[in-house]
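Enquirer: Need a 3D model of the sequence below.
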Amino acid sequence: MASLLLLLALSAPGTSLFSPGSGRLLPYDLLYADGVRAYFARDWPRAAELLQRALHSYSQLLEARRGCQGRCREESGFVGPPVAPSWETRFFDRVLQRAECLGECLGRRLGSEPSLHRASREIQEDFEQREPYNYLQVALFQLKKLDEAVSAAHTFFVANPQHLQMREDMEKYQRMAGVKLESFRDLQATPYWEAYKTGVQQYNMDEYLQAAVKLEESLEEVLLALEDCRALCEGPQEDGTEEKMQPGLYEAIAALYPRVWKCRRHCVLEVATKPGRVSATDDFIPSHLDLLQFAYYQVGNQALAAECAASYLLFYPSDELMLEKMKRYWVELGEGASITARENIQQYVQRSLMEKKLIYYAVEHLGGTFNDPDPWTPDELIPGSLKQKHRENQKKQRLENLDVGEQEQRGPFTFEGITVTVDSHQLNGSQRVVFDRVLTDSECKDILRLAKAAGSTEDGYRGRQSPHTPHERFEGLTVLKALQVNGSVPQHVLGSHPMGMACLREFLGLQLLARLPVGGDQDDRMDLSHPVHADNCLLDPEGKECWREPPAYVYRDYSGILYLNDDFHGGDLFFTELDAVTITAQVHPKCGRLVAFNSGGENPHGVWAVTRGRRCAIALWYTLSPEHAEQERMEAEDLMRQGDMEQEPSHTDVKEHMRADHSGGASPEPPMPKGRARSTSRRRTSGSESGQQPQKLRARDEF
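Expert: Below is the predicted model of the structure:
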């Protein structure tokens, strides 16, 4: 209760949170709460001061924890083998010494009880996502401190590249007079990412000597960052639960240690995740070694190349390509050469395997789950009872990556009258295909009339502006709206071919969209009707990657566009490389033409501007995950089943092996996240009840 009263007193409006000369590090969440309060009171000097102090306090807290963990590991480490029968007393003696050392060290460095610095998980997430910089940049801008404001804004934007408001702010900063280029700097930049990026760029330009220097620098920093992250795992952690009964000694240790080990294994993903991303770079450490061995070989240093190859084989001992390279290194270096893996890599692999062995043992015998972050884990390390789940995941991955060529080997195309006009090879990409005659001319006209009838009601998009360009309008409807407006969808509208039935029954996640230029013909337009994108991942043209993570619709597996007309100008679909610039294929719309493709990063695509007429098409999506079938899709299914009961039986020979997702709204683009910061007046304290749910606070555009 005393801690709660102290918190309320410190965070009360008008209370100073600073203690000059006291040498005490104030809790960062209290500073943050008062800083946000000053922000919304438009007290810009106080807001800027408190937010900067909060960021400094947070940084110092992490540094103190890392430093104390390192010092106490040396002073109270578990050295020497256990000696029976006194191993229990020796072990717990070290545990007590370690706990005492940590408490004393942190208390001295923080100038207060370490428990006062335990913020809620919500506040931790705000600082991990750099949310305070979002408020800080506005406060600094209001104070005319332009260079500092730009740096704060850039620091937030690096970790939140999808934040639309900050993207606009950054563009405004770039246009402002007096803004220096060097002001666009990341105040929380991690050294190894810069070194790794530079090293890869030099590697791609065949500058292998320079690349090796930067990659070595990155690898050294990565290993240090891993140690820092692991040290923080031994500190306090929020698990979101409250224990009603204290477990026994052995039970507590059995519950605690697997959690620490899992946290340490998660560090592999945390360190390999670029700021602003959710997905980690695959095989981050092995990729360093693979690049290094080739770079050293190119500059003639076979000894270091062989050392890196031997280190890589610690992760993948059966890699045939690397084994062949090792044979070549043995020949080139001679019989007397000594080729061994790097000692720090050996220690890393041995420690990882030992921890994972213990984790898998705990999961198998004590319950719980474990998502192994490493693809190189030996199969024999995984217990037999957990291997089936592993095989299922592999099978699903193979199904998702199934190439169109492999599908063609299964058997001939079975739908009569429909032709494969363009295959993947002709489209210069994997998992792309164009079908013709999916619908007849009369069927296209019927669907267009259906769309026009619904569009005249409040169920259509009623010509609202396209979210992708100010020069076009949207019209259209979803299949559910069509069913609700018309009572049913006539049989002939669904198409006389089984493929036509499959389109509307399997692809119930669909939208009929019409694009038309605003204000008449626009032959001189240079923009796109729909910018280059991928349907289930966030396209990063600069890095030539596509991140399959929210807010993208990651559950979309296959996409299709069924065209209904061609009496318009422009509007062709085109595919590009990951750079979003190099065009690899183009498809011209026509009635009954269906283009289908994998929804992932293999198929970035866009639409040229519609300069004349009205382009109509049905956008379709498949998903392999039935749990993502949404409410509107299920309602549409029910309406169609009711129609089937009143009419002839439907085509039951079309086997349902996929389900479709439906995304409301006119645009298939993913919704962008909104920035936010939370009130920090709620803290979790032992022996007291939590306070009232904090009010959600949002930064505002002050430009």
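
Enquirer: List the residue ranges of the stretch 151-300 of the chain that fall below the pLDDT cut-off.
Expert: Under the criterion pLDDT under 70, the flagged ranges of the stretch 151-300 of the chain are 235-254, 278.

Enquirer: Let me see the backbone angles for residue 423.
Expert: Per-residue torsions, residue 423: phi -100, psi -180 (degrees, to the nearest 10).

Enquirer: Around it, how many other residues sit close by?
Expert: If you count neighbours by other CB atoms under 10 Å, residue 423 ends up with 13. Bear in mind the C-beta positions are built from the backbone N, C-alpha and C, glycine included.

Enquirer: Does the nearest residue to it once chain neighbours are set aside fall in a helix, a strand, or a coil region?
Expert: Of all residues not flanking residue 423 in the chain, residue 433 sits nearest, at 5.8 Å (CB to CB, 6 or more residues apart in numbering). With DSSP: H, G, I helix; E, B strand; the rest coil as the basis, residue 433 sits in strand.

Enquirer: can you tell me which residues contact residue 433?
Expert: 404, 420, 422, 423, 424, 427, 595, 596, 597 (CB atoms under 8 Å, 6 or more residues apart in numbering).

Enquirer: Please apply the same query to residue 50.
Expert: 17, 31, 32, 34, 35, 38 are the contacts of residue 50 under CB under 8 Å, 6+ apart.

Enquirer: likewise residue 595?
Expert: 432, 433, 434, 435, 560, 561, 563, 573, 587.

Enquirer: swap the cut-off to 6 Å and go again
Expert: 434, 561, 587 (CB atoms under 6 Å, 6 or more residues apart in numbering).

Enquirer: which one of the residues you listed sits closest to residue 443?
Expert: Of all the contacts of residue 595, residue 561 has the smallest distance to residue 443: 16.3 Å, by CB to CB.

Enquirer: Check whether the closest one sits in a helix, strand or coil.
Expert: Per three-state DSSP, residue 561 ends up strand.

Enquirer: So it versus residue 304, what's the distance?
Expert: For residue 561, the distance to residue 304 equals 51 Å [CB to CB, to the nearest Å].

Enquirer: Just want to know which of those two has more residues nearby.
Expert: residue 561 (21 against 17).

Enquirer: Confirm for me that residue 435 is in contact with residue 418.
Expert: Yes: with contact defined as CB atoms under 6 Å, residue 435 counts as touching residue 418 (5.4 Å).

Enquirer: Residue 151: which element?
Expert: Assessed by DSSP states H and E, residue 151 sits inside helix 146-159.

Enquirer: Which positions within that helix qualify as buried?
Expert: 146, 148-159 (16 or more other CB atoms under 10 Å).

Enquirer: likewise stretch 31-41?
Expert: So, applying 16+ other CB under 10 Å, buried residues of stretch 31-41: 31, 32, 33, 34, 35, 36, 37, 38, 39.

Enquirer: now the second one, what's its secondary structure?
Expert: Judged by three-state DSSP, the three-state class of residue 32 is helix.

Enquirer: now it, nearest residue through space, not along the chain?
Expert: In space, and not counting its chain neighbours, residue 32 is closest to residue 54: 4.2 Å by CB to CB, 6+ apart.

Enquirer: before we move on, back to that, among the contacts of residue 50, name the least confidently predicted one.
Expert: Here the lowest pLDDT out of these sits on residue 17, with 40.

Enquirer: Can you verify residue 177 is assigned to a helix?
Expert: No: assigned with three-state DSSP, residue 177 falls outside any helix and is coil.

Enquirer: which phi and psi does it have?
Expert: phi -70, psi 140.

Enquirer: Could you do residue 419 as well?
Expert: Torsion angles at residue 419 (phi, psi; degrees, to the nearest 10) stand at phi -110, psi 150.

Enquirer: what's the nearest residue to it if we skip its chain neighbours?
Expert: residue 436 (5.2 Å).

Enquirer: again with residue 123
Expert: residue 29 (4.6 Å).

Enquirer: what's the nearest residue to residue 289 if we skip its chain neighbours?
Expert: residue 312 (4.3 Å).
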